[in-house]
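Student: Need coordinates for the following:
(one chain, ligands or ions: 1)
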Amino acid sequence: MLVRNIQEIRGSANRMSALQSVSGKSHAAGPESHDVVVVGAGFAGMYMLHRLRGIGASVRVYEQGGDVGGTWYWNRYPGARCDVESMQYSYSFSDELQQEWNWSERYAPQPEILKYANHVADRFNLRPDIQLGTRVDRASFDESANTWSVTTSDGKTVTAKYVVLATGCLSNARTPDIKGLADFGGKVYHTGHWPHEPVDFSGLRVGVIGTGSSAIQSVPVIAEQASHLTVFQRTANFSIPARNAALTAKERQSWKADYAEIRRKARETRNGIVQEMPDRGALDDGDNERRARYESRWARGGVTFMGAYNNLVLDRAANDTAADFVREKIAEIVNDPKTAKLLQPNNHPIGSKRICVDSDYFVTFNRPNVTLVDIKSSPIEEILPNTVRTGAGDYEVDALVLATGFDAMTGSVAKIDISGRNGQTMNQKWAEGPRTYLGLMSAGFPNLFIITGPGSPSVLSNMIVSIEQHVDWITDCIAYMRGRDLGTMEANRQAEDGWVAHVNEVAHGTLYPQANSWYMGANIPGKPRIFMPYIGGVGTYRQICDDVAAKGYEGFTMTSRRARAATKRSASASSL
Ligand SMILES: Cc1cc2nc3c(=O)[nH]c(=O)nc-3n(C[C@H](O)[C@H](O)[C@H](O)COP(=O)(O)OP(=O)(O)OC[C@H]3O[C@@H](n4cnc5c(N)ncnc54)[C@H](O)[C@@H]3O)c2cc1C
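Tutor: Predicted coordinates:
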């Protein structure tokens, strides 16, 4: 309780200083001004605000949603839950927080994760600096003042020295362009934009379009309610059973007792998840030994299946052994051989697309009220008021669920009209694919940071680990600049080119680019095919970022505020 009070007092003190700083600046004629504008109030935006307050910065967070939580605010579909275990998929920055919060299940369901996000917002008194229901539409850099002008959906413009995009990698839900969709007679839901009120599918014929992670989680739950469920599949995906279960007090306690060490280790791993990682490859074991290892990982459940051997994403022959094992499991679970065959992924290496984690997905296709439709061989031609028409036939449905994913990694950035130096927009610069240095900044856009941006481990990791690393790095960087009275920081083109080349080189040393995945932008028609996240590993990447900072932010150019002011003065003098 005492700790909490201290936190609250600190929170209000920081807020007061923030307000003073804001109001101080606002007295002068001109728009409202902040040190930092943060876009988005998911886990990234909330922690960013908390850390920036800690260094005395004035911060305004804009969130287009009606509350905090980001992903967990929007994705309320039936069966939604995390697929990294909750004891690891949670903030580590406050020991009090991680000790006091009790996750109920191994993989917490969406409502519980959203409750956690709200708890964090209240516990650290974040809400006063978060403006909800407000979208950032535009951000433009004023080269003469070295500030950003940020325009929001309420028609206001504020200025800020720094802008942090905490807009999320999976926050721009993608609706497919299907003829007739707008004229469908029943309700259409998108998993990434699910209504807040309960949706009851009882007695309805439901169609689910898509078979990625969100479909794999929601199909078993919808099948229990719907009179009939038709699943429209373009690409079969690999999925591992979650083996979700309630967490006992004893289990929670054993994590908590060792939290400091577990979190430290997570930061040094490849994907931000602490797990047993063998030091040998799949082909180093004989058939029986290998099968036993896969069986044990399958029985344990979860994404750590891919950690059965250290070369599963590197060596195709090794990968095939794991893929064959999962395909066999699907054939064992699904009664109808034709359906089983359709559900067996065969066009990408296992793990090269985001591996899914399910509760009873494959067995759901044994239910008499569930039909699987292959839209790869016979694509959807059009949607009529109560029918989905494919090349192979008509399927009557009363409601449609679009589990069609996101314009990942760049979609939410692209929706903001961002213009940097010389009026160049981010969309122009990224037309051939995103270009960043370290995934944190893009040359030509000074003082604009991206959290878990393209070129960083982001979606290939336990994202809260990656979010905390980026937020800490950005905070240290802003504190460094404030301490030295620096005006701008900007990625150098050469450093950026080198980093983009490195990200590509590392990716192409693995099996990942062999899949048409959203990591490659392949789910969005016309999006450039560039492998976006950095595969080098969370621990390696952290080391690189720390080294860059230790070398005085190598690869970035920083300009002094005074130098800028002097340049400005002489420029205006000469123009007189
Ligand atoms: C169903 C699902 C399950 C997932 N499970 C896991 C998991 O188990 N483990 C894992 O590591 N990751 C998981 N993820 C990834 C997840 O997105 C991240 O873990 C994390 O929640 C991202 O936090 P964030 O704050 O970076 O982004 P988000 O949570 O996406 O928040 C970004 C926020 O920015 C807001 N925003 C965007 N643009 C604007 C704008 N222009 N103006 C104002 N606001 C804006 C959005 O509304 C959103 O609320 C999952 C994702 C999904 C969709």
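Student: which residues does the residue nearest to residue 463 when sequence neighbours are not counted contact?
Tutor: Closest residue to residue 463 apart from its sequence neighbours, by CB to CB, 6 or more residues apart in numbering: residue 452 at 6.4 Å. From N, CA and C alone the C-beta is placed, and that goes for glycine too. Under the criterion of CB atoms under 8 Å, 6 or more residues apart in numbering, the neighbours of residue 452 are 44, 169, 439, 458-459, 463, 466-467, 470.
Student: How about the contacts made by the residue lying closest to residue 360 once chain neighbours are set aside?
Tutor: Spatial nearest neighbour of residue 360, excluding adjacent residues (CB to CB, 6+ apart): residue 220 at 4.5 Å. By CB under 8 Å, 6+ apart, the residues touching residue 220 are 79, 358-361, 363-364.
Student: So for residue 220, what's the pLDDT?
Tutor: Per-residue pLDDT puts residue 220 at 98.
Student: which SSE is it in?
Tutor: Assigned by DSSP states H and E, residue 220 belongs to helix 213-225.
Student: can you pull out the helices in the stretch 251-400 of the chain?
Tutor: Counting by DSSP state H, counting those that start in this stretch, the segments of the stretch 251-400 of the chain that form helices are 259-268, 287-300, 316-333, 337-343, 361-364.
Student: and of the contacts of residue 220, the nearest to residue 145?
Tutor: residue 79 (49.4 Å; CB to CB).
Student: Report the separation between the closest one and the ligand.
Tutor: 10 Å (CB to the nearest ligand atom, to the nearest Å).
Student: Spit out the contact partners of whichever residue of the stretch 401-550 of the chain sits closest to the ligand.
Tutor: Nearest to the ligand in the stretch 401-550 of the chain, going by CB to the nearest ligand atom, is residue 463, at a distance of 3.3 Å. Applying CB under 8 Å, 6+ apart to residue 463 gives the contacts 43, 84, 89, 169, 272, 452.
Student: State the phi and psi torsions of it.
Tutor: Note on residue 463: backbone dihedrals following degrees, to the nearest 10 are phi -70, psi -20.
Student: ditto for residue 417
Tutor: phi -80, psi 100.
Student: Could you do residue 130 as well?
Tutor: Phi and psi for residue 130, reported as degrees, to the nearest 10, are phi -110, psi 120.
Student: returning to what we had before: secondary structure and pLDDT added to the contacts of residue 452, as JSON lines?
Tutor: Output for the contacts of residue 452, formatted as JSON lines (DSSP: H, G, I helix; E, B strand; the rest coil; pLDDT from 0 to 100):
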{"residue": "44", "secondary structure": "helix", "pLDDT": "98"}
{"residue": "169", "secondary structure": "coil", "pLDDT": "95"}
{"residue": "439", "secondary structure": "coil", "pLDDT": "97"}
{"residue": "458", "secondary structure": "helix", "pLDDT": "95"}
{"residue": "459", "secondary structure": "helix", "pLDDT": "93"}
{"residue": "463", "secondary structure": "helix", "pLDDT": "98"}
{"residue": "466", "secondary structure": "helix", "pLDDT": "98"}
{"residue": "467", "secondary structure": "helix", "pLDDT": "98"}
{"residue": "470", "secondary structure": "helix", "pLDDT": "98"}
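Student: quick one on the thing from earlier: if you compare the helices of the stretch 251-400 of the chain, which one is most tucked away?
Tutor: helix 361-364 (a mean of 22; mean count of other CB atoms under 10 Å).
Student: Output the contacting helices and strands for it.
Tutor: Helices and strands touching helix 361-364, by 3 or more CB pairs under 8 Å, 6 or more residues apart in numbering; DSSP states H and E, are helix 213-225, helix 316-333.
Student: Nearest to the ligand among these would be which one?
Tutor: helix 213-225 (5.5 Å).
Student: how about the helix or strand following the closest one as PDB, C-alpha atoms only?
Tutor: Under the assignment DSSP H and E, the closest C-terminal helix or strand after helix 213-225 is strand 228-233. Backbone C-alpha positions of strand 228-233 (Å, rounded to 0.1, in the frame of the first residue of the first chain) are rendered in PDB as follows:
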ATOM      1  CA  HIS A 228     -23.200 -24.300 -38.700                       C
ATOM      2  CA  LEU A 229     -19.800 -22.900 -39.200                       C
ATOM      3  CA  THR A 230     -18.000 -22.700 -42.600                       C
ATOM      4  CA  VAL A 231     -14.300 -21.900 -42.500                       C
ATOM      5  CA  PHE A 232     -12.900 -20.500 -45.700                       C
ATOM      6  CA  GLN A 233      -9.200 -21.400 -45.900                       C
END
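Student: How far off centre is strand 228-233?
Tutor: Here strand 228-233 is found 27 Å from its chain centre; the criterion is CA atoms, centre = their mean, to the nearest Å.
Student: same for it, what does it pack against?
Tutor: Secondary-structure packing of strand 228-233 (3+ CB pairs under 8 Å, 6+ apart): strand 205-209, helix 213-225, strand 370-374, strand 387-390.
Student: what angle sits between that strand and helix 213-225?
Tutor: 160 degrees (axes from the mean of the first three to the mean of the last three CA atoms, to 10 degrees).
Student: Strand 228-233 pairs with which strands?
Tutor: Sheet pairing for strand 228-233, assigned by DSSP bridges, gives strand 205-209 (parallel), strand 370-374 (parallel).
Student: State the pLDDT value of residue 66.
Tutor: You'll see residue 66 listed with a pLDDT of 98.
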